[in-house]
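Asker: Here is my input; please provide its structure:
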Amino acid sequence: MRHRTKQFPIIVIVLFLFFGGLLSANAQKTKPKLEALTEETQKSSENQDKISFVWWIPTEFWRIALAEEKSLGKEDIEAFAAGMNAYTLICVVDMKGTIGSTTKASYRTEAELRPIVKLVDVQGTTYAPIPKAQISVIASTVIETMTPMLTSAIGTMGQGMHFFLFPANAKDGTPLADVSSNGLLKIKVGTDQYQWKLPLVSLLPLKICPVDSAEMQGDWKFCPHHGEKLIGKKEK
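Answerer: Next up, the predicted model:
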């Protein structure tokens, strides 16, 4: 039997603060960046008749969410993040049937999803979710704690949100999904496919227009208004 580590209380506190909406007012400083990252890492099905989406939760998500939370020390946050660094965390929601059907809305169970959820890296290699028995205590605790909290927060859909862990790196040590490097991450849920072009724009440093100093998206090269080449803030 696996034993809980001393980090278990930290994990529970972190998740309770985040999903319980109890982050301090100071944490609101990171809210715009966190919202942008959350929006970028969530992908919805193109099928408008049902509710299906995939949420990739990179380690950077937790660091940003908790960066200004004074009730947690930096070491606690890094310990939590380090425990998740070995994995690529994916949340999947897949509705059974269609919106507006006569039957009550329900969602695929974890057991139904596990065989059909796959990760495909930039080389085209396909990965299945890591078996639960092979997941670390820290990562297992995160998943076990998130599920009831989400159910309590958003009801039936929360019950339909299932978390799957994939490796963070290929066998040669190459990251499967590096948020700061060029690449492509694909998640397949049955016949549906969701993909992210990397790096994640929301995590790139902003650029500025040399004409009016307006802030611009980090992956842009030229100002769309003046046509001038954008520069990093440090270059100004």
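Asker: what's next to the strand or helix carrying residue 165, contact-wise?
Answerer: In this structure, residue 165 sits in strand 162-167 according to DSSP states H and E. Residues from elsewhere that reach strand 162-167, judged by CB atoms under 8 Å, 6 or more residues apart in numbering: 86-93, 108-110, 113-114, 117, 119, 127-130, 135, 139, 142-143, 146-147, 176. The way it works is simple: take the backbone N, C-alpha and C, and place the C-beta from them, glycine included.
Asker: Check stretch 43-60 too.
Answerer: Stretch 43-60 has contacts (CB under 8 Å, 6+ apart) with 37-38, 41-42, 81, 84-85, 88-95, 97-100, 105, 107, 157, 177, 179, 185, 187, 189, 192, 194-196, 200, 203.
Asker: Mind checking which of those are in helices?
Answerer: 37-38, 41, 81, 84, 157 (DSSP state H).
Asker: possible to save these as a markdown table with pLDDT?
Answerer: Shown next, in a markdown table, are the ones in helices among the contacts of stretch 43-60 (pLDDT from 0 to 100):
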| residue | pLDDT |
| --- | --- |
| 37 | 89 |
| 38 | 86 |
| 41 | 92 |
| 81 | 85 |
| 84 | 89 |
| 157 | 76 |
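Asker: Identify the residues contacting residue 186.
Answerer: By CB under 8 Å, 6+ apart, the neighbours of residue 186 are 119-121, 193-196.
Asker: at 10 Å what do you get?
Answerer: Contact analysis of residue 186 by CB atoms under 10 Å, 6 or more residues apart in numbering lists 118-122, 124, 126, 177, 193-196.
Asker: from the middle of its chain, how far away would the helix ranked longest in the chain be?
Answerer: Across the chain, the longest stretch assigned as helix under DSSP H is helix 137-154. With CA atoms, centre = their mean, to the nearest Å as the basis, helix 137-154 stands 14 Å off its chain's centre.
Asker: Please apply the same query to stretch 197-215.
Answerer: That offset, for stretch 197-215, works out to 21 Å (CA atoms, centre = their mean).
Asker: For that stretch, output the C-alpha coordinates as PDB.
Answerer: Listed next in PDB are the C-alpha coordinates belonging to stretch 197-215 (Å, rounded to 0.1, in the frame of the first residue of the first chain):
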ATOM      1  CA  LYS A 197       0.100  24.700 -31.300                       C
ATOM      2  CA  LEU A 198       3.100  25.500 -29.100                       C
ATOM      3  CA  PRO A 199       4.400  27.600 -27.500                       C
ATOM      4  CA  LEU A 200       1.400  28.700 -25.600                       C
ATOM      5  CA  VAL A 201       0.800  32.400 -26.500                       C
ATOM      6  CA  SER A 202      -0.600  33.300 -23.000                       C
ATOM      7  CA  LEU A 203       2.800  32.400 -21.500                       C
ATOM      8  CA  LEU A 204       5.000  34.400 -23.900                       C
ATOM      9  CA  PRO A 205       6.400  37.700 -22.800                       C
ATOM     10  CA  LEU A 206       4.400  40.600 -24.200                       C
ATOM     11  CA  LYS A 207       5.900  42.800 -27.000                       C
ATOM     12  CA  ILE A 208       5.400  46.500 -27.500                       C
ATOM     13  CA  CYS A 209       4.900  48.700 -30.500                       C
ATOM     14  CA  PRO A 210       7.800  51.100 -30.900                       C
ATOM     15  CA  VAL A 211       5.400  53.800 -32.100                       C
ATOM     16  CA  ASP A 212       2.900  54.100 -29.300                       C
ATOM     17  CA  SER A 213       4.300  51.500 -26.700                       C
ATOM     18  CA  ALA A 214       1.000  49.500 -27.000                       C
ATOM     19  CA  GLU A 215       1.300  46.000 -25.600                       C
END
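Asker: Nice, that's everything, thank you.
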